[in-house]
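A.B. asks: curious how this folds, go ahead:
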Amino acid sequence: MITIGRREYVLLTELSQIPLEAKVDTGAFRSAVHCLDCQEIDTPNGRVLRAHFCFDGTTTLVHDFSTYHQRVVRSSFGESELRYCVPLTIRIGGKKIKSQVTLTDRSDMRYHILLGRKTLYKKYTVDVSRIHVKKYKAHQ
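C.D. replies: Have a look, this model is predicted:
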């Protein structure tokens, strides 16, 4: 198994070519990505989930997901929230992982991406004493 630290740079391949810092949280079941707003809309190609992302504080990225569903997620505070869940490919170091992530407003959080144990299961072990174990290489 590959060892990673409690924080790693990741690439969300469908959304950005810029590595983003993620918090690795083995206490969280699912992974979550910061989303400003999302809504279901009808397009000529069918119904999609249109999501608005902003990872750098200035540039808003809009992405349409044709595959999505909703699920109830319980926060670490015990509050339940209905969230959209979408498939994303996450690259950590040179390894790509297809994962179901929930979309939520993480603007008040330090990290816009949270990697939960379902994404990491049987792929990574986490050394919480380390950060940025996997160096991101743009040409991978």
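
A.B. asks: count the neighbours of the residue lying closest to Ile97 once chain neighbours are set aside for me.
C.D. replies: Using C-beta to C-beta, 6 or more residues apart in numbering and skipping the chain neighbours, the partner closest in space to Ile97 is Ile90 (5.0 Å). Using the backbone N, CA and C atoms, a C-beta is placed for each residue, glycine as well. As a burial measure, Ile90 scores 23 neighbours (other C-beta atoms under 10 Å).

A.B. asks: so where is this protein shaky, pLDDT-wise?
C.D. replies: Within the chain, the segments meeting pLDDT under 70 span 136-140.

A.B. asks: with just CA atoms, put the helix or strand in which Ala22 is found into CSV.
C.D. replies: Assigned by DSSP states H and E, Ala22 falls within strand 20-24. Output of strand 20-24 as CSV, limited to C-alpha atoms (Å, rounded to 0.1, in the frame of the first residue of the first chain):
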residue,chain,number,x,y,z
LEU,A,20,-5.1,21.6,-4.8
GLU,A,21,-4.3,20.8,-1.2
ALA,A,22,-6.6,18.3,0.4
LYS,A,23,-7.1,17.2,4.0
VAL,A,24,-6.9,13.5,4.5
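
A.B. asks: which residues are contacting whichever helix or strand comes after that strand?
C.D. replies: Once strand 20-24 ends, the next helix or strand along the chain (criterion: DSSP H and E) is strand 31-34. Strand 31-34 is contacted by residues 12, 53-55, 73, 83, 88, 90, 99-107, 109, 112-116, 118-119 when judged by C-beta atoms under 8 Å, 6 or more residues apart in numbering.

A.B. asks: partner strands of strand 31-34, parallel or antiparallel?
C.D. replies: Note on strand 31-34: by DSSP bridges, its sheet partners are strand 95-104 (parallel), strand 113-115 (antiparallel).

A.B. asks: counting by contacts, list what the helix or strand just after that strand packs against.
C.D. replies: Once the chain leaves strand 31-34, the next helix or strand it forms, by DSSP H and E, is strand 37-43. On a contact count with 3 or more C-beta pairs under 8 Å, 6 or more residues apart in numbering; DSSP states H and E, strand 37-43 meets strand 46-53.
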